[in-house]
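> Any chance you could fold what I've pasted below:
(2 chains)
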Amino acid sequence: MIRPSLPEDWEELIAGYALSDLSPEEAKLVEQLLDENPALVDEVNQLQEVLALLPYGLPRQEPPTHLRSAILKVAQEGDRTPKPRRRTHRIWLELGGAVAVFVAIALGLDNYRLRRDLESADAVIQALRQPETEVYALEGTGETTAASGRLVVNPNQDQILVTVQSLPEPAAGQAYRLWGLTPGSTTPIYYGQFGTTAQGETLAQLSIPRDAILTEEIQLLITLESSTAPPIPEGPLVMQSSL
Amino acid sequence: MHPDSPKPEPLPLSAQTDADLFVALKAGRVEALGALYDRYSNLVYGLALRVLSNSEEAEDVTQEIFLALWHKDAYNPTRGSLSSFLVTMTRSRSIDRLRSRNTKLKFLQRWKRIGTTEGAVANPLEQVSIDERSQFLREALARLPDLERQVLEIAYYEGLSQSEIAKRLNTPLGTVKTRTRQGLLKLRQHLQDFIQ
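Below is the predicted model of the structure:
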């Protein structure tokens, strides 16, 4: 049962929750209400379902007839080659012996830093030599449009190597956090956090959670967060994987 | 799935429930994908077209949605109905495309307020046919006060924030919020009235 001690406007608050239009204060209040009144969770679910019924009210629109067979064809062909195509830059792999130099340039590292980060650079080189390795380009957004970077992913070793340039050093107590958002999912996967140097660079090694597969269409996002906050994205988006 | 519970399938695919079709789909039966497409492509395509106003992009979204259902484990039946999942994903992808035409995406707003509950999901129209759902929705929407329906539709189909809607309609923010929330609550009430 729903307790009588609820605020007078609890229904509106719950509706606002389903509509994602709550102010931060209201959101805090609703979270508290949901904790105290588990029955309200069903209310939220029901309102979200009602919201998802809205498109049934639209005029009937038939997709073009060729679309059905096109989709089924892709679905069947996809089964023969189960691994989805990823956006890769395989040319990186063809550089062979020059790979160390290339890494140094790609990472924007001078020789001194490269030596200091030899271990990490080695990891990058090793990762690049794996046939499974994927490279994702990152671009800056908003106030950090100047930032650029790469993600080197080695699924076999459950590792992600992040390299960025021109991403300002975070203030004390803050860190950059890397997230992945798969299509259709509303819960971002948290991969880890890293800082940058006063020169705005980094070479960070993060691990991929066991169940967090990187798919072709994953969106990789970097936000600026408190370094001690729980792994929920709250801060501004600073970089994202380029489409 | 329980490998030791073989399921005879006397019903044609078109008569099977979403849940049965989803199980068949996950078992790799492409004809189950076809049956779900026949059932929901109008809804998915119609919603994408409403948001994007571009038939080519709406086709792209439709293809993405059904292929995501086929390839990925994005849908979890314990979290809600398949129809609601398809609609929510279609809306989200369509609005992303819409925004990426102009401005940067507002990922965080979208993430922050998502319910992550395991409670019973109650789609009031789960038991009625798709044609009836359309009919009920049109009638329920027609019963809403115009101003409430207007803000609800702008928020839903255009993905605008409440303050953006307030600015566009030159209406105080508090009024917009109240209208949207009341609109949703009344819509639920009208739908419940229909099925009782």
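
> Pretty sure residue A:58 sits against residue B:48.
No - with contact defined as C-beta atoms under 8 Å, residue A:58 does not count as touching residue B:48 (10.5 Å). (C-beta placed from N, C-alpha, C; glycine too.)

> Between these two, tell me which one has more neighbours.
Neighbour tally, residue A:58 and residue B:48, criterion other C-beta atoms under 10 Å in any protein chain shown: the higher count belongs to residue B:48, 29 against 19.

> gap between the helix or strand containing that one and the chain center?
Of the helices and strands defined by DSSP states H and E, residue B:48 is found in helix B:30-52. Computed by C-alpha atoms, centre = their mean, to the nearest Å, the separation of helix B:30-52 from the middle of its chain amounts to 11 Å.

> That one packs against which elements?
Helices and strands touching helix B:30-52, by 3 or more C-beta pairs under 8 Å, 6 or more residues apart in numbering or on different chains; DSSP states H and E, are helix A:66-80, helix B:18-26, helix B:55-71, helix B:82-102, helix B:130-143.

> Next one: stretch B:128-143, is it in contact with chain A?
Yes - using C-beta under 8 Å from any C-beta of the partner chain, we find that stretch B:128-143 touches chain A at B:130, B:133, B:134, B:136, B:137, B:138, B:140, B:141.

> Scan those residues and report the most crowded one.
The most crowded member of these is residue B:140, carrying 26 neighbours; neighbours defined as other C-beta under 10 Å.

> Could you pull up the residues touching the closest residue to that one other than its chain neighbours?
The spatial neighbour of residue B:140 that comes closest, neighbours along the chain excluded (C-beta to C-beta, 6 or more residues apart in numbering or on different chains), is residue B:190 at 3.8 Å. Under the criterion of C-beta atoms under 8 Å, 6 or more residues apart in numbering or on different chains, the contact list for residue B:190 reads B:139, B:140, B:143, B:144.

> ok, and the most crowded of the residues you listed?
Neighbour counts for the contacts of residue B:190 peak at residue B:140, which has 26 neighbours (criterion: other C-beta under 10 Å).

> That residue contacts residue B:185, doesn't it?
No - applying C-beta under 8 Å, one finds residue B:140 not in contact with residue B:185, separated by 11.9 Å.

> what sits in contact with each of these two?
With C-beta under 8 Å, 6+ apart, residue B:140 and residue B:185 have no common neighbours.

> measure the residue nearest to residue B:140 to residue A:50 for me?
According to C-beta to C-beta, to the nearest Å, residue B:190 stands 10 Å off from residue A:50.

> re earlier: specify the angle between the helix holding residue B:48 and helix B:18-26 in degrees.
110 degrees (axes from the mean of the first three to the mean of the last three C-alpha atoms, to 10 degrees).

> in which helix or strand would I find residue A:136?
Secondary-structure element containing residue A:136, defined by DSSP H and E: strand A:134-140.

> Quickly check: that strand near chain B or not.
No - among the residues of strand A:134-140, none lie within reach of chain B under C-beta under 8 Å from any C-beta; the closest is 10.7 Å away.

> Could you give me the buried positions within that strand?
Of all the residues in strand A:134-140, those buried under the rule 16 or more other C-beta atoms under 10 Å in any protein chain shown are A:134, A:135, A:136, A:138, A:140.
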